[in-house]
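Peer 1: need a 3D model of the following:
(one chain, ligands or ions: 2)
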Amino acid sequence: PQAASASATFRSVSHHSSFGIAFDIDGVILHGANPIGNSRRALRKFYNHSGSLKIPFLFLTNGGGIPESRRALELSDILGVKILPSQVMQGHSPFSTLLKRYENEFIVATGKGEPAVVMSEYGFKRVVSLDEYASHFSNIDPVAQYKRWTTIQESNCSKHSEKIIHHDYSKNVKAVFVVSDPVDWGRDIQVICDILTSGGIPGEKNWHQPPLYFAADDLQYQAAFSSKRLGMGAFRIALESVFNRIHDKPLEFTCFGKPNPFVFRKAETILAHLLQTCCLGDVVTGNGDSSSPSFRTLYMVGDNPLVDIKGAQQAGYPWFSILTRTGVFRQRENHTKYPADLVVDTVEDAVAFILKRED
Ligand code: G3P
Ligand code: MG
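Peer 2: Numbering: from 1, shown residues only. Ligands and ions are numbered 1, 2, ... in the order given. The predicted model follows:
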């Protein structure tokens, strides 16, 4: 009887382990900070009555600017379900893979939110925000006096403020990280060019360009405004165009985020872990099966054909792409260059399709 019940459990495990879902955020789940349509109701379907997760899903966004743990709290608040930090993969999340190389190196991070806090939470020990870095070079931004806005300095916030770090600004910057969408494009282009054309010390002359990393390369994305907004990819083009005009060697850079296949592979690993730890709990370990479950289908629900759909296509089996009409893509017909496996109006339609297909 024991064997019979064990095999019955196993059948149920293998049935439940057959699928997982990755949701894009901007243009699928949210417009700015506002839930799109019934995205809140759609996500509730993945939880049981007691509020625990029954279907593995995560957010796979190219956005960012705050640590994953904080983003999870923010999303839980907006969406009314409990989102775990492990369910949040942001554009900059893979920067943590560069820790070995830069852990003790002097690096500069820029973008909206708290780019240096993000990096220091990944373990980088000598990171400074571009805001702070620029403030140590008088007159580096010749139009600074005309900028009447005030910014919330990172020194006011969270864990980072508790650590008093004294950086030596006469030392070379070893790398620049664009963590999230830059706020002051003009100042950032100027200062990044200063760092990169000088070998890491503004004002010096050195032809060796320090590495430059972008969290993503989205040309446009859907925020709260009715039409698409310029994203990090647009900033990259602007910076690259200027840099290539003032420097002899073309700009060298690396972009992380979607549509890179390693992002989708990482998402698969996280979904498998979520399935084991949250959705199945002791059932799997009780069977002595500690290997990662394999998925029959992984769904990517996105709004940007060039990023979300292209990424899922490149990742290949078992990814299945679903394109919504609530963001960057709004057409009736499927995208010609990167056609999705399915086009729907909203994320709620996508969830209804998935649940019916997997029933
Ligand atoms: O800045 C955010 C944007 O580039 C994309 O976000 O959630 O659509 O991947 P998302
Ligand atoms: Mg999007």
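
Peer 1: now the closest residue to ligand 2 within the stretch 101-250 of the chain: closest residue in space that isn't a chain neighbour?
Peer 2: Nearest residue of the stretch 101-250 of the chain to ligand 2, counting by CB to the ion: residue 221, 5.6 Å away. No exception for glycine: its C-beta is placed from N, CA and C like everyone else's. Distances taken as CB to CB, 6 or more residues apart in numbering put residue 231 closest to residue 221, at 4.6 Å, once the chain neighbours are dropped.

Peer 1: separation between the one you found and residue 219?
Peer 2: Residue 231 sits 6 Å away from residue 219, going by CB to CB, to the nearest Å.

Peer 1: and residue 38, by the same measure?
Peer 2: Per CB to CB, residue 38 is found 29 Å from residue 219.

Peer 1: out of those two, which sits in the busier spot?
Peer 2: Taking neighbours as other CB atoms under 10 Å, residue 38 and residue 219 compare with residue 219 leading, 17 against 14.

Peer 1: list the contacts for the closest residue to that one other than its chain neighbours?
Peer 2: Using CB to CB, 6+ apart and skipping residues adjacent in sequence, the residue nearest residue 219 is residue 233, 4.1 Å away. By CB atoms under 8 Å, 6 or more residues apart in numbering, the contact set of residue 233 is 216, 217, 218, 219, 220, 255.

Peer 1: which one of those residues has the most neighbours?
Peer 2: Most surrounded of the contacts of residue 233: other CB under 10 Å gives residue 218, at 30 neighbours.

Peer 1: so who does that residue touch?
Peer 2: By CB under 8 Å, 6+ apart, the neighbours of residue 218 are 62, 231, 232, 233, 257, 304, 307.

Peer 1: gap between the second one and residue 211?
Peer 2: Okay, so that is residue 231. 21 Å.

Peer 1: for the closest residue to residue 346 other than its chain neighbours, what are its contacts?
Peer 2: Distance criterion CB to CB, 6+ apart; nearest residue to residue 346, sequence neighbours excluded, is residue 37 at 4.7 Å. By CB under 8 Å, 6+ apart, the residues touching residue 37 are 326, 346, 347, 348.

Peer 1: which among these gets closest to ligand 2?
Peer 2: After measuring the contacts of residue 37 against ligand 2 - CB to the ion - the closest member comes out as residue 326, at 9.1 Å.

Peer 1: from ligand 2, how far off is the nearest residue in space to the closest one that is not next to it in sequence?
Peer 2: Using CB to CB, 6+ apart and skipping the chain neighbours, the partner closest in space to residue 326 is residue 36 (5.1 Å). To ligand 2, residue 36 is 10 Å away according to CB to the ion, to the nearest Å.

Peer 1: what's the weakest-modelled helix or strand in this structure?
Peer 2: Least confident element among the helices and strands of the chain, by mean pLDDT, DSSP states H and E: helix 2-16 (a mean of 37).

Peer 1: model confidence over the helix or strand that comes right after it, on average?
Peer 2: Scanning forward in sequence from helix 2-16 by DSSP states H and E, the next helix or strand is strand 19-23. Per-residue pLDDT values over strand 19-23 give a mean of 97.

Peer 1: the chain should start at 12 in everything you say after this.
Peer 2: Sure thing, new numbering starts at 12, so read that last one as strand 30-34.

Peer 1: check which residues of strand 30-34 are buried.
Peer 2: 30, 31, 32, 33, 34 (16 or more other CB atoms under 10 Å).

Peer 1: now the phi/psi pair for the residue nearest the centre of the chain, please.
Peer 2: Central residue of the chain (CA atoms, centre = their mean): residue 101, 1.7 Å from the mean position. Here is the backbone geometry of residue 101 (degrees, to the nearest 10): phi -100, psi 170.

Peer 1: that one contacts residue 83, doesn't it?
Peer 2: No - in this structure residue 101 lies outside contact range of residue 83 using CB atoms under 8 Å: 10.5 Å.

Peer 1: on that earlier part again, show only the entries of the contacts of residue 229 found in helices.
Peer 2: Among the contacts of residue 229, the ones falling in helices (DSSP state H) are 243, 244.

Peer 1: next helix or strand past the helix or strand harbouring residue 187?
Peer 2: Assigned by DSSP H and E, residue 187 falls within strand 186-189. Of the helices and strands lying after strand 186-189 in sequence (DSSP H and E), the nearest is helix 196-208.
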